[in-house]
Every structure is written in structure tokens, then in C-alpha cells.
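**Q** what's the 3D shape of this:
(one chain, ligands or ions: 1)
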Amino acid sequence: MTHCLDCGAERQSDQCPACGLTSAAAEVVLRRRLVKRTAWFLVGAVVFVPASQIFPPVELDPILIFMGILFFAALSLGYWIEHRARRRREVEALKRIYFGLIPVPWVLAAVLFVNGRFDSSIPRTEPAAIIGKVSVAGLPRGYRLVVTSWRGGRSIERVPVPRDDFDRFHPGDEVVVVVQDGLAGIPWVSAVHRP
Ligand SMILES: [Zn+2]
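**A** Residues are numbered from 1 along each chain as shown. This is a model prediction of the structure:
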């Protein structure tokens, strides 16, 4: 007994009693759905990178690393489902996990946007000194000022900044980092300026 590749109903014979598809037809339908949903996932991942930098979280880099891991894990899972379906193996549970991951980049992008856009918390000013500058490969290219940390237990912060801030500050400069708490509790950087 296996589950139908398309609708997931239990079936004893080659033809599914619920949707009427044979296993070969169900495989074709499943592949079409996989392609469509994977496209949504890819678009979401592409949208996520610039969207996460409109109101950049203080912890932007760990968030981007998490998204990168999720991206490759999801695509490997999609590939594995396709591979198993071709051999008519059971894919029902994997399919549910995979389809559950599709909206994640969209949801995270929306959370980060709302977190900054509708934040009414009072901006805090944190004094810091610039130690270095890093430009991060990506679409679009990211810019970070490496500064002394204002938080206990940490030595540095990688502050996401727009290109013009990246160009006008230099190692050794004293700056003020303006941080807000965020509507969703994710602290974000609203500005960097001179004291
Ligand atoms: Zn079916």
C-alpha cells in the first residue's frame, strides 16, 4: 500500500481511488506542482535579500546565513522528492515538509518589513567606533560597518548600512548607531551618523 503521488490518498492498485490518476499520471502532475512551487520559493528567496535590508536588523548576517542554509536544504529536499517519485517511492511526508517551506522566505521578508515599517519605539543612540568595513557579495551587494559593540558580552557588531554611509565613514571614526526595538522585537538599525 502506498500513497498517491498527486493527492496523497491511500491506494492499493495502480489507479488512485480518490483522484483517478494512475501512478504515471500522478507523477507528471506532481512534477508540475513541484516546478511551480519551487519557482515561488526561488522568487521569495530573491525578494528576501533586498527586502531584509530596507529596515536592516542588527543581526542581519546570521539571518542571511539561516536563509542560505534553508535555501539549499529546501532545494535538496525538492530534488530528493522528484528522485523518489520517479522510482514511485513514498513521498507524502517529504512533500508536506517541502510545501510547508515554500512560503518561509516570503513570510520572513514580510516580518522584517513590518518590524521596521510599523515600529513606533523610541530610537536609542549607541556610541561606537568603526574598526573596519566589509562589502558582502550578493544581490544587491551589502555593506557593513564593523564597529565596537554596545552590547555586553560581545566585542564587535556588523552594522548594515547603505552605500553612502559605507563610503563616508572610515576605520577610527566615532559614530552613533541609532537602533530601534522593532514591532516584532527584532532590533534594527535606523541610521548611523557622526556624534
Ligand atoms: Zn490520487
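
**Q** Residue 169 is in contact with residue 133, isn't it?
**A** Yes - counting by C-beta atoms under 8 Å, residue 169 does reach residue 133; the two are 7.4 Å apart. All C-beta spots, glycine's among them, are computed from the backbone N, C-alpha and C.

**Q** Tell me which of those two has more neighbours.
**A** Each of residue 169 and residue 133 had its neighbours counted (other C-beta atoms under 10 Å), and the higher figure belongs to residue 169 (20 against 16).

**Q** Can you tell me how far that one is from residue 163?
**A** Separation of residue 169 from residue 163 (C-beta to C-beta, to the nearest Å) stands at 12 Å.

**Q** Kindly report the same for residue 5.
**A** Counting by C-beta to C-beta, the separation of residue 5 from residue 163 is 48 Å.

**Q** what does residue 134 give?
**A** Distance from residue 134 to residue 163, by C-beta to C-beta: 13 Å.

**Q** now residue 144
**A** Summarising the geometry, the distance separating residue 144 from residue 163, computed by C-beta to C-beta, is 12 Å.

**Q** what does residue 54 give?
**A** The gap separating residue 54 from residue 163 is 14 Å, by C-beta to C-beta.

**Q** if we can go back for a sec, list residues touching both of residue 169 and residue 133?
**A** When contacts are counted by C-beta atoms under 8 Å, 6 or more residues apart in numbering, the set common to residue 169 and residue 133 consists of residue 145.

**Q** Now for the residue nearest the centre of the chain: which residues touch it?
**A** A centroid search over the chain (C-alpha atoms, centre = their mean) returns residue 67, at 3.8 Å, as the residue closest to the centre. Listed by C-beta under 8 Å, 6+ apart, the contact set of residue 67 reads 45, 48, 105, 108.

**Q** How far off centre is the one helix or strand residue 27 maps to?
**A** In this assignment (DSSP states H and E), residue 27 forms part of helix 23-51. Per C-alpha atoms, centre = their mean, to the nearest Å, the displacement of helix 23-51 from the mean C-alpha position of its chain is 16 Å.

**Q** moving C-terminal of it, what's the next helix or strand?
**A** Following helix 23-51 in sequence order, the next helix or strand is helix 60-86 (DSSP H and E).

**Q** which other helices and strands contact the helix or strand following that following helix?
**A** Sequence-wise, the next helix or strand downstream of helix 60-86 (DSSP H and E) is helix 92-101. Helix 92-101 is packed against helix 23-51, helix 60-86, with contacts defined by 3 or more C-beta pairs under 8 Å, 6 or more residues apart in numbering; DSSP states H and E.

**Q** Thank you, goodbye.
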